[in-house]
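Visitor: have a look at this prediction, sequence included:
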Amino acid sequence: MNIIQHVANLLIRSVFHADPASWPWTWLVQAVVIGIAAFLAFAFVAIFAGPVSWIERRIAGRIQSRIGPNRVGPQGVLQWLADGVKCWLKEDLVPAAADRPLFLAAPYLVFTGMFGAFVVLPFGAQVVAADLNVGILYLLAITSLVVVGLLMAGWGSNSKWALFGGVRSAAQLVSYEVPSAFSLLCVVLLAGTLSTQGIVAAQGGWPWDWFIFRNPFMFAAFFLYFTAAIAEGNRTPFDLPEAESEIVAGYNIEYSGMRFLFFLFAEWANIWIMAAISAFAFLGGWQIPGIAPEQIAATKGWEFVGWQALSWTIFLVKATFLVFVVIQIRWTLPRLRVDQLMITCWKYLVPLSMLMVLGVLVLLALVPEGGGADTILRGAMVGLGLAVVLVSALRVRRTFRVDREHYREMEGRDLWYPPYRLP
Amino acid sequence: MTDTPAGRDPTAQAPLCPTGGDSAPLVVTTRIDDLVNWSRENSIWYLLFATACCGIELMQTGGPRTDLDRFGAVFRSSPRQSDLLIVAGTITYKMADRVRLIYAQMAEPRYVMAMGSCANCGGLFQQSYSVVPGVDAIVPVDIYLPGCPPRPEALNEAILRVQDLMKSEHWASRRQGRGNP
Amino acid sequence: MGFEFVVVLLFLTTSAVIVGIALWLGRFLRPRLPSAEKASTYECGERPIGSAWFNFNPRFYLFALVFIVFDAEIALTYPAAAVARRWIAEGRAWLVVAEIVLFLAILVAALAYVWGKGELDWNRDLAGPEEMP
Amino acid sequence: MVPAVPPPVRPNPVRAYFGNIRRAVSSTFEGMTVTMSWLFRRPSTIQYPDRTEKPVREMLPETYRGLLEVDLSRCTACLLCAKTCPLGCISIETCKHPDGAREFQTFDIDNGLCMFCGLCAEACNFDALAHTREFEASVSSAEQLTVRFVDRPGRLVAKAKDLPPRRPRGSILAALIPGFGRRRRRAAPPEPPASPAPAPAAGAEGPENPEGTA
């Protein structure tokens, strides 16, 4: 039974002292509860998307050896609020030449497409707004609504820059839909269900239970999905729809004030969504190590709430870590050219992700789950994951040390500006 | 200090946006003003508009040493989304029409800063047949920043002065705007 | 299951309503000073020449077509993938493997065809080199 | 006939394909580690205006040419600076007194026009006109761009024989324009024990009696 029905029934029993099954106003209470849930989700998006923009600017600052916003509130945490209020109070312009209905409707579609994905995201044990049995298909479908919105914005603006931004984004998003769908197909093969909660339930709390470490093909599929997801979120290095050097601001060039803010809003929230999808499809979602979901469901009272909170935290930590990776990729890699973008998708990601589907399928048929070969594969993949983490940590340390030597050399020099800051 | 130009004293400046004096300063209005001005002054998105060497300093100001992002000031490439037009460089008569159009296409509230001698009064090219002697002839300028070109820190200070300008405004009167050029 | 889709519908409605309310409330707060120049299309300070609704590169169209083929195939593969695990457990592994491999083979053939025709190269000379002046 | 340039070697397409994948992965990995290492370093930003160890003005190089200032007590009104200026941003007017001395009418420097080339300061024989290290000069109206150095009527032109010592650079501008040191007052040192006071509070007490030098 759905958590929303649970809450509604609880309300009806405790507040109205009626039987939910026969009471005539059950549907109304349920609708109100859904509305509250949607509003909570919106609050989550707002509260998340705002600070993420601040975090991104701070991280970008550190990567570029500057600071980033640090004046508004303590360390600048309220920067997003200032930006939001200012954009809200800014004039709203509609070009005279624009296709007015399309132009005005585009932010709605973009925002709705982004927001609809939150319905099926499994935040914690039993906590999902609607556990659709076609969850993954629904995710792929509803996020495509963003493409329609961007295309409408680009076409409706009647500006050459916006038009090219719009069609580029459409071409890019539909192209990268293919490898991301193939990568998620691997997950569906392993989980045997399309429901998002089912996918999480098919994994476990420990890393060797995660799908990413199931076999080498899943390991590769994770990175393929992550790349495609970055491209679908219009993030650098795939942010061609808004490449300033070529098409000024892309599809949103004619938008000002609040309407523009909704595009930004959807962009930030999209990072979160793709990180969350990667987290629940490949990284075990909210699964708590050592505790089976059935054990959580069996607990009562505050213990239940405690486990719930823990599962939420685990999911949020995983997703936030991936958000951080996305941000770091943005400030690391240069933007691709449009032909490189298409070649990357169709000549590299699509064949490779097909190969991964085939590999996962063959391994699924040949290697029985829980057998010796399965254990060896999982162990090897966890080892590989650890090795990647370790090697990257060592590389970071080496880069850091080499540069510190350079800084040390500069330290004694007589410079008119303050000497280089030592790391 | 009778003869000294007292104009630089911020306290001596006339109120930039007369309220019309029709109502007593209500607490609520002040609070709204505080919030609105706070959000505006901490989120100055400036337009990428650089025509000459001042543009190099403008880019430099966004760089690591003088990080404008600390004040929430980032560049936007579309005038629809930017609050501040920094005219950074020489404006020729041919360019003047573009500057005016770009200013016209900015969304209210909008501010203009003339950066460097060329934008202030034509500067080095004042006698030239092709250079506009001062960008204030074509768009209303809020802040003049001398320098040829100004240091990044000087631009930073000018941004702070734009913040002061925003602080002194009233939301209700700013809503009427200052008209189109 | 119907209830789940009601939830989806209400979520989507709520988000649209939130956007609408935010924009509608802003109408009373934001300045509004329209002018003919302000409503003109921004083209980096130039006055726009003609409409932006013109013919653009047909590459976009080709990619859209290729995508539709792929996406339809993938959507059809998902149900097969969802039952793959159960069928393998039931001992009908060959059936589901053959089914998905068939789907993949169609796509590989399509991709190979498109690739071989050079349709995946963005910078393709549509007129052909010898017809260029 | 052997071609002078050998035909380009075409790489094996299959090897090139997998080589591309390998390079994409390795270069992304390399880049990620580099940017990650930057997260552990201190940013090199100088937090103008108020979070610097010392005012930015004092960090500028010796040869930095900031706003012009003139010490009228050393100025003989020889007009060399005005004639040297390529732009004519210095305007000096004097008039004769009945007793033979000369009196300043105007000594204006148009900062908006000035291009900070330093020719006028070089031409000045008495070290009266000099560049300071002030750069905080943004104003909100075009008239304020001109700095008028004649602070009171009846200011006499100095005689080259007996010149008072040059007042410290920047002090004249600071005294002349009360709002000028605004940013300086905000520039407080982050930790108090190092320096006793933020700065000699220019302009905080208003102009400190310019007549004393006449």
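Guide: That came through fine. Here the structure is a predicted model, which means the values were calculated and not measured. Numbering: from 1, shown residues only, chains lettered A, B, ... in the order given.
Visitor: state the helix or strand in which B:Glu57 lies.
Guide: Secondary structure assigned from DSSP states H and E places B:Glu57 in helix B:53-61.
Visitor: run the chain-centre distance for that helix.
Guide: Relative to its parent chain, helix B:53-61 has a centroid offset of 16 Å by CA atoms, centre = their mean, to the nearest Å.
Visitor: where in the stretch 1-150 of chain A is pLDDT low?
Guide: By pLDDT under 70, the low-scoring segments of the stretch 1-150 of chain A are A:1-4, A:20.
Visitor: on that earlier part again, the helix holding B:Glu57 near chain C anywhere?
Guide: No: counting by CB under 8 Å from any CB of the partner chain, no contacts exist between helix B:53-61 and chain C, the nearest distance being 14.6 Å. The way it works is simple: take the backbone N, C-alpha and C, and place the C-beta from them, glycine included.
Visitor: just the mean pLDDT for that helix, thanks.
Guide: Taken as a whole, helix B:53-61 carries a mean pLDDT of 88.
Visitor: give me the residues contacting that helix.
Guide: B:50, B:66, B:68, B:86, B:88-89, B:115-116, B:118-119, B:147, B:149-152, B:155-156 (CB atoms under 8 Å, 6 or more residues apart in numbering or on different chains).
Visitor: keep only these that also lie close to chain D.
Guide: B:66, B:147, B:150-151, B:156.
Visitor: out of those residues, the closest to A:Leu81 would be?
Guide: For those, the residue nearest A:Leu81 by CB to CB is B:Asn156; the value is 22.8 Å.
Visitor: so the closest one makes contact with B:Leu68?
Guide: Yes: under the criterion of CB atoms under 8 Å, B:Asn156 makes contact with B:Leu68 at 6.6 Å.
Visitor: which of those two has more neighbours?
Guide: A side-by-side neighbour count of B:Asn156 and B:Leu68, using other CB atoms under 10 Å in any protein chain shown, places B:Asn156 first with 26 against 21.
Visitor: doesn't that one belong to a helix?
Guide: Yes: judged by DSSP: H, G, I helix; E, B strand; the rest coil, B:Asn156 forms part of a helix.
Visitor: which ones are touching it?
Guide: Going by CB under 8 Å, 6+ apart, the list of residues near B:Asn156 reads B:61, B:66, B:68, B:71, D:48-49.
Visitor: quick one: whichever residue of chain C sits closest to chain D from chain A, how far?
Guide: Residue nearest to chain D within chain C (CB to the nearest CB): C:Trp115, separated by 11.5 Å. C:Trp115 sits 7 Å away from chain A, taking CB to the nearest CB, to the nearest Å as the criterion.
Visitor: neighbours around that residue, how many?
Guide: C:Trp115 - counted by other CB under 10 Å - has 15 other residues nearby.
Visitor: same thing with D:Pro11?
Guide: By the criterion of other CB under 10 Å, D:Pro11 has 10 neighbours.
Visitor: what of the one 5 residues further on?
Guide: Counted with other CB under 10 Å, residues neighbouring D:Ala16 total 10.
Visitor: about what we covered before: could you dump the contacts of B:Asn156 into JSON lines with secondary structure added?
Guide: Below are the contacts of B:Asn156 laid out as JSON lines (three-state DSSP):
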{"residue": "B:Thr61", "secondary structure": "helix"}
{"residue": "B:Thr66", "secondary structure": "coil"}
{"residue": "B:Leu68", "secondary structure": "helix"}
{"residue": "B:Phe71", "secondary structure": "helix"}
{"residue": "D:Tyr48", "secondary structure": "coil"}
{"residue": "D:Pro49", "secondary structure": "coil"}
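Visitor: thank you, goodbye.
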